[in-house]
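K.L.:
Structure for the following, please:
(2 chains)
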Protein chains: 2
Amino acid sequence: MAKKKPAPAQKNPPARPSSKAARERDQRTLAKLVGLAENVSKSAFAGKEPKIEIPTRTKSNTIWNRKRGILEMGDAAAERELFNLNQAKQFMQTMLHASTIKDLIEADKTSSLRGVFYKAKHTVAGTKENTFDTQDESDPILEDLEVSMGALREELHVFAENRGSMVGNITLVDKGDSIDCRRMGSGGYAIPSIVEPDVIQFAKCEAKFVLHVEKGTVWNRFNEDRFWERNNCILTHGAGQPPRGVRRLLQRFNQELKLPIICVLDCDPWGHYIYSVIKQGSISLAFESSRLAIPEARFLGIRSKDYTECDLPDAVKIDLTDNDIKRANEIRAYPWFADNKQWQKEIDLLLRNGFKMEVESLITKDISYVTEQYVPERLEEEDWLD
Amino acid sequence: MAKKKPAPAQKNPPARPSSKAARERDQRTLAKLVGLAENVSKSAFAGKEPKIEIPTRTKSNTIWNRKRGILEMGDAAAERELFNLNQAKQFMQTMLHASTIKDLIEADKTSSLRGVFYKAKHTVAGTKENTFDTQDESDPILEDLEVSMGALREELHVFAENRGSMVGNITLVDKGDSIDCRRMGSGGYAIPSIVEPDVIQFAKCEAKFVLHVEKGTVWNRFNEDRFWERNNCILTHGAGQPPRGVRRLLQRFNQELKLPIICVLDCDPWGHYIYSVIKQGSISLAFESSRLAIPEARFLGIRSKDYTECDLPDAVKIDLTDNDIKRANEIRAYPWFADNKQWQKEIDLLLRNGFKMEVESLITKDISYVTEQYVPERLEEEDWLD
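P.N.:
Below you'll find the predicted structure:
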């Protein structure tokens, strides 16, 4: 064993000062939390039933805002009452999570969904009843708080998984540290889960667009060929369906730096769905679309036509399964695809072809065909789907 | 749409010069590849049957080297013959992959397992027979090449998934870029898949140990509390079972910088298995243990005793499933655990408790209990399992 002993740990360490913007944001969120609690206590002291109003997060209350190009939540809401046998437990759970979030904000700390679940989970004194049994009960309560307070999960100091990384012609400031994404080697900068402006600021950016690819393995090819340097862009991936941090960062690149977001995803219903979520948001999180969706995102490829247009060998074909066909038809019916002729044509051809294709399949032409020919040519021709 | 048009792409870009160490490594690998091919062609021209010898990658050919503390591959090997109906296809597949790897090395590029599969996949001219049908056929052939050539996958220019990130008191050089892991904000440096010395060099390191945690969400807590700064260490996670890049980097930290590797994982058979793989290697990749395993790795927690020792509430208990019990007994029988009294005691108590616990469960004490009390105290007392 290497005999070095770890240095003794320092306890009660000084907190790192948070930025002014962060403190202001937190004060706004705290005011909302306190407002929620005050309404409940006022009702109680007035001898009235405490209740809270929770906007409804169902498909029927999700509206496609054609003009803004995003999914939005409608006006429907339901009351959650304490003196209602069906709602009392959820009422209690909502109060517990609100209290945890207040603690988190006041301590200037963040936690995961799982952490918040554990924080609130206990056996109610004098009973055998748990406040929460599984995380499945806990996550929706947090979403209830997000919608009823009109605050993003990140503003509640709760983070999601961190996945995805980036390199490119930009310098960021992350919690005061300057991150030069031009000098990140083969690994890259790991995109955090919370990328709000008080955590991440944009410093110097020469990049003219963002190329977002689906997988880390494809990202490696683009980084190794230094695509971002040669094409003056930012290169990101989200390890599949991009997590919230990646989506929010892409949206900030688009809105604040006016950078086009160009996606290179697989030619299959899963790739199309990833694009759909990046572009318009997801139904279950429609209330957050205005902070996460990027209606201007473009789909560069892989396209159904590429099998013939790029003269690909039969080896790239992967037969569509019954489930793929079902999903393709569902996606084709999404309102933002339903009246988009390009997308109808794209999915029609996918179904007529009867096979899907992955980005990696372009390696059958040449190891760097995708970075040196396919993407550059399509960019030059502006050949993408909107 | 933001109207900025992406700048036109530059084609045929200059290759980035690789380091002298990388070129020398590649020359050694190429020499092995050419040797393999020459043996085959010599046999053919001499009118003999071409065949290659492939060391056997089975449990029965896996040996526990107690002295070195790692799993190793035994001497058993099988011949793969061209003129054998059962082996001809695999012989052809082995040659195809060897040829792709030669191309990769000569082009100084790397590829994913999936990329190598696509590169080799085609329909054999004049037949309806594919060289490969699925990637399941392709990956084991690559492993055959690794073992028969005695070269790591990374030396064959093939990368695995990249997952996991790090921060801490160290500066690395990654492909010529200096990465100061003390100034990586909330996101961190994304650990690449290939971390061999010709790609990643260690520059300045003050850290006295490495704290490796299981999940990104736990890593966030430690980074937010700046544990690595207060305790002078490097902080890594592997997003679950750490991928090869993370394991190899930890091993290099241990061997080259003599840093103890201290793991904080869940108290369940999955956490124990992750530790076992970090420490001794996995049976399916026993031939790579000497490049990936870290016999000196320590398991700090979570421990079965923590429920009482940390006075945790019942809420942290998650009942063991039948499968957990089965896995715990299997793991207890691994040779490196079988004669380790501490580990026998640990797994005994886990089974007697009848419940498992996650790292996140420590949040029931306090949001930063794990970073400010639990881990620092255990480090100071050197209270861990070897």
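
K.L.:
got the contact list for A:Glu137?
P.N.:
When contacts are counted by C-beta atoms under 8 Å, 6 or more residues apart in numbering or on different chains, A:Glu137 touches A:Gln93. (C-beta placed from N, C-alpha, C; glycine too.)

K.L.:
Name the SS class of it, please.
P.N.:
The three-state label given to A:Glu137 by DSSP: H, G, I helix; E, B strand; the rest coil is helix.

K.L.:
Domain-wise, how is chain A divided?
P.N.:
Per the record, chain A has its domains at A:20-48+A:85-159, A:165-380, by automatic domain parsing.

K.L.:
separation between the spatially most central residue of chain A and B:Thr217?
P.N.:
Closest to where the C-alpha atoms of chain A average out (C-alpha atoms, centre = their mean) is A:Arg244, at 2.0 Å. Between A:Arg244 and B:Thr217 the distance is 13 Å, computed by C-beta to C-beta, to the nearest Å.

K.L.:
what do you get for A:Lys305?
P.N.:
Counting by C-beta to C-beta - A:Lys305 and B:Thr217 are separated by 41 Å.

K.L.:
can you give me the strands for the stretch 201-350 of chain A?
P.N.:
In the stretch 201-350 of chain A, the strands defined using DSSP state E, counting those that start in this stretch lie at A:209-213, A:233-237, A:261-264, A:298-301, A:318-319.

K.L.:
Which helix or which strand is home to A:Tyr118?
P.N.:
According to DSSP states H and E, A:Tyr118 maps onto helix A:113-120.

K.L.:
interface residues of the stretch 251-386 of chain A facing chain B?
P.N.:
A:254, A:258-260, A:262, A:296, A:313-316, A:358, A:360-361, A:363-364, A:367-368, A:372-373, A:375-377, A:379-380, A:382, A:386 (C-beta under 8 Å from any C-beta of the partner chain).

K.L.:
hmm, which of the residues you listed are the buried ones?
P.N.:
A:254, A:259-260, A:262, A:296, A:315-316, A:358, A:360-361, A:363-364, A:367-368, A:372-373, A:375-376, A:379 (16 or more other C-beta atoms under 10 Å in any protein chain shown).

K.L.:
Please flag which of these sit within helices.
P.N.:
In this view, those that belong to helices under DSSP state H are A:Asn254, A:Val375, A:Pro376, A:Leu379.

K.L.:
out of those residues, who's nearest A:Ala125?
P.N.:
A:Ala125 has its nearest neighbour among these in A:Asn254, at 50.1 Å by C-beta to C-beta.

K.L.:
wait, that closest one sits on A:Glu296?
P.N.:
Yes - A:Asn254 is in contact with A:Glu296 according to C-beta atoms under 8 Å; the separation is 6.2 Å.

K.L.:
which stretches of chain A aren't confidently modelled?
P.N.:
A:1-18 (pLDDT under 70).

K.L.:
let's see it at 50
P.N.:
Applying pLDDT under 50 to chain A flags the ranges A:1-3, A:7-16.

K.L.:
Tell me which helix or strand comes right after the one helix or strand A:Ile141 maps to.
P.N.:
Of the helices and strands defined by DSSP H and E, A:Ile141 is found in helix A:135-149. Later in the chain than helix A:135-149, the nearest helix or strand by DSSP H and E is strand A:158-159.

K.L.:
what distance separates that next one from the middle of the whole chain?
P.N.:
Strand A:158-159 has its average C-alpha position 12 Å from the chain's average C-alpha position, going by C-alpha atoms, centre = their mean, to the nearest Å.

K.L.:
for stretch A:364-376, same thing?
P.N.:
Its chain's C-alpha centre and that of stretch A:364-376 lie 29 Å apart, by C-alpha atoms, centre = their mean.

K.L.:
Same check on stretch A:170-178?
P.N.:
Mean-position distance between stretch A:170-178 and its chain equals 20 Å (C-alpha atoms, centre = their mean).

K.L.:
which residues touch that stretch?
P.N.:
Outside of stretch A:170-178, the residues within contact range by C-beta under 8 Å, 6+ apart are A:16, A:179-182, A:189, A:192, A:199-207, A:234, B:183-187.

K.L.:
can you rerun that using 7 Å?
P.N.:
Contact with stretch A:170-178 is made by A:179-181, A:199-205, A:207, A:234, B:183-187, as judged by C-beta atoms under 7 Å, 6 or more residues apart in numbering or on different chains.

K.L.:
farthest-separated two in the ones in helices among the buried ones among the residues of the stretch 251-386 of chain A next to chain B?
P.N.:
Pairwise over those, using C-beta to C-beta, the maximum falls at A:Asn254 and A:Pro376, 21.4 Å.

K.L.:
which bits of the stretch 51-200 of chain A sit near chain B?
P.N.:
Taking C-beta under 7 Å from any C-beta of the partner chain as the contact definition, the stretch 51-200 of chain A meets chain B at A:104, A:107, A:109-112, A:114-115, A:118-119, A:121-123, A:159, A:161-162, A:165, A:174-175, A:177-179, A:183-192, A:194, A:199.
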